[in-house]
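Student: let me see the structure of the following:
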Amino acid sequence: MLMIGHRGAMGCAPENTLLSIHKAIELGADWVEIDVHCVADKLLVIHDETVDRTTNGRGKLIDYSFEELRALDAGLGQRIPTLQEVLEVTVGKVGLNIELKGLGTGKVLTSLLRNTPETYKNKMLVSSFLMPELEQVVRLNQHVKIGVLAGNNINESIAWATKLKAFSIHLRLQKVTPKWIDRAHDLGLKVYVYTVNKVVQIRRMKELGVDGVFSDYPNRLTS
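Tutor: The predicted structure follows:
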């Protein structure tokens, strides 16, 4: 079972920062998950549509220029990284799950990948709740592995995963049952579960046979 560091290792360092990603690697994560928004045709690694929760700024991303966003403090002196910076620190060390959070991210990502060495792409997964963005990625680059994020309607998410020929489906911890795991596996989908922070929950997921868990504490995966 893979341990996927959630937004790096956000239980141990400011989320979605290079410090958090380095911490996840240090703690033994197999993969790290990050979130991207599109700003000025570049992909910035941040979860929210606003900067209030994760930086010393206030307001919406769209109200800032790229340079202004990069000048903000994202915690402990860290700045909001670009996807390119994250690629450079993860390649050859851990797999990278890129979650598309905003409109236009799919097109910008596929454009970036055209000029990205193959070594960066070997352990990369692109996921989202936004099916149009995933459709865009599949349309422009059929070689990228796709992960469909499922909310409450798992039937619909599985249908999308089948349509997009996805690699994985990502289930909310509270929705995981043996039935859904078996159904996804029967369709050839990997099952990754978010967000699993308690050791007892991690052990339970392993017993159920899920393929990976997202955790704020990547060191909590037990043998």
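
Student: which residue ranges of this structure form strands?
Tutor: 2-6, 31-39, 42-45, 95-100, 124-128, 145-149, 168-172, 190-194, 212-215 (DSSP state E).

Student: TSV for these, including mean pLDDT?
Tutor: As requested, the strands of the chain are exported to TSV (pLDDT from 0 to 100):
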stretch	mean pLDDT
strand 2-6	98
strand 31-39	98
strand 42-45	98
strand 95-100	98
strand 124-128	98
strand 145-149	98
strand 168-172	98
strand 190-194	98
strand 212-215	98
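
Student: switch these over to JSON lines; also include distance to Ile181 and mean neighbour count.
Tutor: Placement of C-beta: from N, CA and C, glycine included. Listed next are the strands of the chain as JSON lines, based on distance: least, CB to CB, whole Å; neighbours: other CB atoms under 10 Å:
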{"stretch": "strand 2-6", "distance to Ile181": "15", "mean neighbour count": "25"}
{"stretch": "strand 31-39", "distance to Ile181": "19", "mean neighbour count": "25"}
{"stretch": "strand 42-45", "distance to Ile181": "30", "mean neighbour count": "23"}
{"stretch": "strand 95-100", "distance to Ile181": "19", "mean neighbour count": "24"}
{"stretch": "strand 124-128", "distance to Ile181": "18", "mean neighbour count": "24"}
{"stretch": "strand 145-149", "distance to Ile181": "15", "mean neighbour count": "22"}
{"stretch": "strand 168-172", "distance to Ile181": "8", "mean neighbour count": "23"}
{"stretch": "strand 190-194", "distance to Ile181": "5", "mean neighbour count": "23"}
{"stretch": "strand 212-215", "distance to Ile181": "12", "mean neighbour count": "26"}
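
Student: for Pro81, find the nearest of the ones you listed.
Tutor: Comparison of those against Pro81 by CB to CB identifies strand 42-45 as nearest, at 4.7 Å.

Student: how far does the closest one sit from its chain's centre?
Tutor: Distance of strand 42-45 from its chain centroid, counting by CA atoms, centre = their mean, to the nearest Å, is 13 Å.

Student: same question for stretch 147-166.
Tutor: With CA atoms, centre = their mean, you get 16 Å for stretch 147-166.

Student: pull out the buried residues from it.
Tutor: 147-150, 154, 157-158, 160-161, 164, 166 (16 or more other CB atoms under 10 Å).

Student: so for Ile62, which of the strands of the chain sits nearest?
Tutor: Of those, nearest to Ile62 by CB to CB is strand 31-39, at 8.1 Å.

Student: relative orientation of that closest one and strand 2-6 in degrees?
Tutor: 40 degrees (axes from the mean of the first three to the mean of the last three CA atoms, to 10 degrees).
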